[in-house]
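*Asks:* here are the coordinates; sequence isn't available:
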């Protein structure tokens, strides 16, 4: 580990609502990775927090934040429609990015996105809208295909990580990969299913993502 890490709970204003988050900044961090969680999840996602700790150990700052407010989560638990509102999720990710660029502790850090499931689509749309700010994107078991026409406008190098046993999602990622006009790569983790729950598979994801971000955010 590179020195100490400043751990903070943060509140990100977005019009009339507040999005809660956790920001960790290691000494000497050159970049920060913003996590966009998947459907039905939150900033407390154990898989995303595992990857975040790995990135912090590599000297990268991280921001995990809730894409929905507690009230919206209650509504979504019944209707399940907000989690698939990719446009809204992307707008909130852009807002969090603007907020980071206004904060003294992070305004000079290079920004990357780590998206899972529907969060990957939101990350790619947000990256297309903030090309001057977003330097890298990684998708874990994501639905980049849901970014649709925004894929052609992404300027940030993009890595798609998919489980080798997640057959339907592999095809969705291949479809999206073909439509990205930027440095891109797809990594298939052998033996992994959609959530990478098999022993050692999430560690592989963290290592692959860590190498990608370390190179693209340096």
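*Replies:* Okay, I see it. Only a predicted model underlies this, so the values are computations on that prediction, with no experimental measurement involved.
*Asks:* Residue 80 versus the closest residue to residue 109 other than its chain neighbours, what's the distance?
*Replies:* Of all residues not flanking residue 109 in the chain, residue 32 sits nearest, at 4.5 Å (Cβ to Cβ, 6 or more residues apart in numbering). C-beta: built from backbone N, CA, C; applies to glycine. For residue 32, the distance to residue 80 (Cβ to Cβ, to the nearest Å) stands at 31 Å.
*Asks:* Mind checking which of those two has more residues around it?
*Replies:* Comparing residue 32 with residue 80 by other Cβ atoms under 10 Å, the one with more neighbours is residue 32, at 24 against 11.
*Asks:* looking at this, that one is in a strand?
*Replies:* Yes. Secondary structure of residue 32 (DSSP: H, G, I helix; E, B strand; the rest coil): part of a strand.
*Asks:* residues in contact with it?
*Replies:* By Cβ atoms under 8 Å, 6 or more residues apart in numbering, the contact set of residue 32 is 25, 60-63, 100, 106, 109-112.
*Asks:* What residues are bridge-paired with it?
*Replies:* Assessed by DSSP bridges, residue 32 has beta-bridge partners residue 61, residue 111.
*Asks:* Equivalent analysis for residue 10, please.
*Replies:* Residue 10 has the following beta-bridge partners by DSSP bridges: residue 21.
*Asks:* if I read this right, it contacts residue 65, doesn't it?
*Replies:* Yes. Between residue 10 and residue 65 a contact is recorded at 7.5 Å, counting by Cβ atoms under 8 Å.
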